[in-house]
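J.: Sequence and predicted model, in that order:
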Amino acid sequence: MKQLLFGVFENAQSNDSGTATWRHEDNQRIDFDSLDYWIKIAKICEAGGVDWLFLADAWGWSEIDGVRPDICDEEALDLPRLDPAIVVASLLQCTNRLGLVLTGSTLVEAPYSFARRMATLDHLSKGRIGWNVVTTGTAETATAAFGKVMVKHDQRYEMAEDFIELTYKLFEGAWEPDAVERDRSGRYSDPQKVHRILHYGPYFKCEGYGNSHYSPQGTPVIFQAGSSPRGIQFAGKHGECIFVAGDTSFVSKQTNKIRKEAALNGRDPQSDIKVICAFSCVVGDTEFEAQEKHNTILKTQRCNVAAASYAMFTGLDLSKYDRKTKMSDLETEMSKTQVLRFGEVSIGEVLDNWHENGVRPKPIVGTADQISDVMSQMAREADLDGFMFTPMSQPSSTIDFIDKILPIMRSRHVNKKNVCDQFLRQRLLGTKTPYLSASHPGVKYRVQRHKKPLNS
């Protein structure tokens, strides 16, 4: 039986996933701007043996025909937010083994400063950092906020290729791993192992030296999600932990496409990448109790949230269309994933689904054994390597997941709670070292002078 990995999804705002359930009495994420909240969540995850805590992010907000609906502010649908990098930094001292994954946009960030930020976090965490690479689904409003020109969907992936190539040069090639000597009787660094970076790409340029020296993992673990054809190409080439979402049939097809794309890029489709499925659940001692708990959460959300929420991710105002219109008839240059995932479904069905779930997968509602049965079957049939839990109410949902679901899943899939590598890459990918595998495209930017390869 394959050993599975488990992460927890979070968002540094009152709501997440395009829903607005902040009114629920058990939902403590309403205090997202309190350090105490984040320390509590991190400690729950670490004590429960979760492999990583994932912080989503977005720079944009919802607008319909250039106007921000009042409901967005009334329900904290998209704003305000906090910076996930600063949240992660605040959790380093209260955690020892928990992986910390933060989202970074290749559309609005500057590669040079972003690389320093990530290297800093990897140093201070002793190698527990992951980077969720996004091209920014909320691109239209985000680019306006940064004074940039809107970039079309597939072109954003070309931009991401340029961005990530430059960061590889900074992570892997600017400082050799043993460049820093700290020899009080000699020198601090070996100048022969500190290199000038020259990058003249179509979108980004850089001339100079890396601001930070080689971190414990070099390049942080690359997380990525994207179900469009261009997104899958990017994931197969660069991703190490790749997210999918949907029903078993859809996820199975996506997993197969991703693994094939990895093989086309000369990577091992099993050992070099891990496919992680987003999932949500509501657990009770009985099915009836679980369903009642789920209904209580849903009742806290206003019915007119869905259209404004969907527009934030896609730029499409579904309220303007006939409810019978097929989703396949629509086009967007923002998040294609949130259009493609619904296939031939009608707009009316999507609005109903979105009201309950947003971007979150439809939750599995039932007893711990029932939920574990569905997860195990899905992992087997879709060739998954793990799951990322998306809670509906924090921290109660995560506590239920850790206390009731994880023990069953560990007993079936041999996920050892207390036997984990310190470095995130080793824990997730099973590599012998914390560094990129030999087949990863980032390795070619590393200076090859060592007698023993880093990734041996």
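T.: Thanks, I have the structure now.
J.: what residues does stretch 169-176 touch?
T.: 111-112, 115-116, 118-119, 189-190, 193-195, 197, 199, 206, 209-210, 212-215, 218-220, 436, 442-443, 445-447, 449-450 (CB atoms under 8 Å, 6 or more residues apart in numbering). In short, each C-beta sits where N, CA and C put it, glycine included.
J.: got the CA positions of stretch 81-98 in CSV?
T.: Extracted in CSV, the C-alpha atoms of stretch 81-98 (Å, rounded to 0.1, in the frame of the first residue of the first chain):
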residue,chain,number,x,y,z
ARG,A,81,-5.8,39.7,3.7
LEU,A,82,-2.4,39.3,5.3
ASP,A,83,1.0,38.6,3.6
PRO,A,84,1.5,34.8,3.8
ALA,A,85,5.3,35.1,3.9
ILE,A,86,5.1,37.1,7.1
VAL,A,87,2.6,34.7,8.6
VAL,A,88,5.0,31.8,7.8
ALA,A,89,8.0,33.7,9.3
SER,A,90,6.0,34.1,12.5
LEU,A,91,5.4,30.3,12.8
LEU,A,92,9.1,29.2,12.5
GLN,A,93,9.8,29.4,16.2
CYS,A,94,6.7,27.6,17.4
THR,A,95,7.2,24.6,15.0
ASN,A,96,10.1,22.2,14.5
ARG,A,97,9.1,19.7,11.7
LEU,A,98,5.9,21.1,10.1
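J.: what mean pLDDT does the helix or strand harbouring Ala290 have?
T.: Using DSSP states H and E, the secondary-structure element containing Ala290 is helix 287-298. Helix 287-298 shows an average pLDDT of 96 in the prediction.
J.: Please save the CA atoms from the next helix or strand after it in PDB.
T.: As assigned by DSSP H and E, the chain's next helix or strand after helix 287-298 is helix 305-314. Output of helix 305-314 as PDB, limited to C-alpha atoms (Å, rounded to 0.1, in the frame of the first residue of the first chain):
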ATOM      1  CA  VAL A 305     -22.300  35.400  -2.500                       C
ATOM      2  CA  ALA A 306     -21.700  32.900  -5.300                       C
ATOM      3  CA  ALA A 307     -21.800  35.200  -8.400                       C
ATOM      4  CA  ALA A 308     -19.500  37.800  -6.900                       C
ATOM      5  CA  SER A 309     -17.100  35.100  -5.700                       C
ATOM      6  CA  TYR A 310     -17.000  33.300  -9.000                       C
ATOM      7  CA  ALA A 311     -16.300  36.600 -10.800                       C
ATOM      8  CA  MET A 312     -13.200  37.100  -8.500                       C
ATOM      9  CA  PHE A 313     -11.600  33.900  -9.800                       C
ATOM     10  CA  THR A 314     -12.700  34.100 -13.500                       C
END
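J.: pLDDT averaged over the next helix-or-strand element following helix 305-314 - what is it?
T.: Later in the chain than helix 305-314, the nearest helix or strand by DSSP H and E is helix 337-340. Mean pLDDT, computed over helix 337-340, is 82.
J.: what helix or strand does Leu102 sit in?
T.: strand 99-105.
J.: who does that strand touch, helix- and strand-wise?
T.: Using 3 or more CB pairs under 8 Å, 6 or more residues apart in numbering; DSSP states H and E, the elements in contact with strand 99-105 are strand 52-56, helix 84-91, helix 111-125, strand 129-134, strand 221-225, helix 424-429.
J.: do you know which of these lies nearest Ala306?
T.: Nearest of the helices and strands packed on strand 99-105 to Ala306, taken as CB to CB: strand 52-56 at 19.1 Å.
J.: So what are the sheet partners of that closest one and their directions?
T.: Strand 52-56 has its sheet partners listed here by DSSP bridges as strand 5-11 (parallel), strand 99-105 (parallel).
J.: ok, Ile242 to Val221 distance?
T.: As defined by CB to CB, to the nearest Å, Ile242 lies at a distance of 11 Å from Val221.
J.: same check, this time on Ala307
T.: Separation of Ala307 from Val221 (CB to CB): 36 Å.
J.: And the two? Which one has more around it.
T.: Each of Ala307 and Val221 has its neighbours counted (other CB atoms under 10 Å); Val221 has more, 28 against 20.
J.: which non-adjacent residue is nearest the more buried one?
T.: In space, and not counting its chain neighbours, Val221 is closest to Gly130: 3.9 Å by CB to CB, 6 or more residues apart in numbering.
J.: beta partners for that neighbour?
T.: Beta-bridge pairing of Gly130 under DSSP bridges involves Val101, Val221.
J.: Check what pLDDT it gets.
T.: pLDDT, read off for Gly130, is 98.
J.: Kindly report the same for His238.
T.: pLDDT at His238 comes out at 98.
J.: So for it, what's the nearest residue that isn't a sequence neighbour?
T.: Ile222 (5.5 Å).
J.: thought the one you found was touching Glu240?
T.: Yes: between Ile222 and Glu240 there is a contact under CB atoms under 8 Å: 4.7 Å.
J.: sorry, back to before: tabulate the helices and strands packed on strand 99-105 (TSV), appending distance to Lys253.
T.: Converted to TSV, the helices and strands packed on strand 99-105 look like this (distance: least, CB to CB, whole Å):
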stretch	distance to Lys253
strand 52-56	24
helix 84-91	31
helix 111-125	32
strand 129-134	22
strand 221-225	15
helix 424-429	23
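J.: For Glu289, which of those is the nearest?
T.: Glu289 lies closest, by CB to CB, to one member of the helices and strands packed on strand 99-105: strand 52-56, at 27.7 Å.
J.: Name the residues that touch that closest one?
T.: Here strand 52-56 has contacts from 7-12, 16, 41-42, 45, 84, 87-88, 91, 98-103, 130, 132, 223, 388, 424, 428, using CB under 8 Å, 6+ apart.
J.: again, only this time at 6 Å
T.: With contacts defined as CB atoms under 6 Å, 6 or more residues apart in numbering, strand 52-56 is touched by 7-11, 45, 84, 98-103.
J.: Please name the nearest non-neighbouring residue to Asn96.
T.: Leaving out its chain neighbours, the residue that sits closest to Asn96 by CB to CB, 6+ apart is Glu46, at 7.1 Å.
J.: what's the answer for Asp162, then?
T.: Nearest in space to Asp162, with sequence neighbours left out and distances taken as CB to CB, 6+ apart, is Gly201 at 3.9 Å.
J.: cool, Asp383 as well?
T.: Leaving aside its sequence neighbours, Asp383 sits nearest to Thr255 (CB to CB, 6+ apart; 5.2 Å).
J.: Could you verify that that neighbour is part of a strand?
T.: No: residue state for Thr255 (DSSP: H, G, I helix; E, B strand; the rest coil) corresponds to helix; a strand is not indicated.
J.: can you give me the strands in the stretch 351-456 of the chain?
T.: Here the stretch 351-456 of the chain has its strands, by DSSP state E, counting those that start in this stretch, at 364-366, 386-389.
J.: Between those, which one is closest to Arg259.
T.: Closest approach to Arg259 among these (CB to CB): strand 386-389, 14.6 Å.
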